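Student: From the sequence below, what's the structure:
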Amino acid sequence: PLRAGSARARGPGPGALVIFGAPGDPAHRKLMPALYNLALRNMLPPTFALIGVARSDYGGDEGYRKEVRRALEAYSRMQPIDDAVFDTFARGLFYVSGSFDDPKTYAELKRRLSQADQERGWQGNAVFYLAHPPPVFPPVPTKPGQAGMLRSQTPPRPAVRANACGGRRPSGGHAPPWRS
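Tutor: Predicted coordinates:
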C-alpha cells in the first residue's frame, strides 16, 4: 500500500519530450495545454525540455514559443495564462524545422537534444511522441536510432495517439480504420 502523500513527495525525474508534428492540432489542442497545466501545478521537473519537430518554419525557438503561447491562449482550460509560469515553461521549449525523411533533420535534432541537455540537464531521458499524420509514421521510429540519439540499441516503441488518423478512413469515411 502507498503511504498518504508519498506519490506527491517524489516528483518526476529529468527528461525531454520530442514531439514529431509539434505544430499540429493534437499538440496544440491536447499536449501543450496538458504540459502547461502540469507546469502550472509545479508537476514538471525544472529540467524538463520539449523539442518540437515539424516542417513548418517558425523562425527558431522564439517563434515556436510564441506559437505555443497562442495555442495555450486558445485551448488551455486554465485562463488567463500565467506569465511567470509560461516564461519558465517556455525556456524549455526548442524547435527543429525539417522533413521527417531527411537525415539532416535528425542530425539537427540530435544537436538540439545535446544543447537542451547542456542547458536543462535532462540527463538523456527522452520520449519520442508521434503527433503527425499516419502516412508520415513509417520513417520516423527508426530515424532517432540511426542518428545515434538512443542509449539502447533496441528500437524505440513510439507513443502514438489513439486516433492518429484524425478519425478519417482513407476511403473518406469518418471512423478510424481499426473500427469497422
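Student: contacts, neighbours, all on C-alpha from now
Tutor: Noted.
Student: What are the boundaries of the strands in this structure?
Tutor: Assignment of strands within the chain using DSSP state E yields the ranges 16-20, 49-54, 93-97, 126-130, 159-160.
Student: what's in contact with the longest one?
Tutor: Right, strand 49-54. Outside strand 49-54, the residues that touch it by Cα atoms under 8 Å, 6 or more residues apart in numbering are 15-23, 92-100, 109, 112-113, 116, 120, 122.
Student: helices or strands next to the longest helix along the chain in the packing?
Tutor: The longest helix of the chain (DSSP state H) is helix 103-120. Counting contacts by 3 or more Cα pairs under 8 Å, 6 or more residues apart in numbering; DSSP states H and E, helix 103-120 packs against strand 49-54, strand 93-97, helix 143-146.
Student: list the buried ones in that helix?
Tutor: Neighbour counts over helix 103-120 (16 or more other Cα atoms under 10 Å) mark 105, 106, 107, 108, 109, 110, 112, 113, 114, 116, 117, 120 as buried.
Student: same thing with stretch 60-80?
Tutor: Quick answer for stretch 60-80 (16+ other Cα under 10 Å): 61, 64, 65, 68, 69, 71, 72, 75, 76.
Student: Skipping its backbone neighbours, what lies nearest the fifth one in space?
Tutor: So the one you mean is residue 69. Spatially, and ignoring its direct neighbours in sequence, residue 69 is nearest to residue 86 (7.8 Å; Cα to Cα, 6 or more residues apart in numbering).
Student: The one you found: how many residues sit nearby?
Tutor: Number of residues near residue 86 (other Cα atoms under 10 Å) recorded here: 18.
Student: what about it, distance to residue 17?
Tutor: 17 Å (Cα to Cα, to the nearest Å).
Student: Next: residue 75.
Tutor: 20 Å.
Student: so how far is residue 123 from residue 55?
Tutor: Distance from residue 55 to residue 123, by Cα to Cα: 27 Å.
Student: where's residue 73 relative to residue 104, distance?
Tutor: Counting by Cα to Cα, the gap from residue 73 to residue 104 is 33 Å.
Student: again, but for residue 128
Tutor: Distance from residue 128 to residue 104, by Cα to Cα: 17 Å.
Student: cool, and residue 32?
Tutor: Applying Cα to Cα to residue 32 and residue 104 gives a distance of 26 Å.
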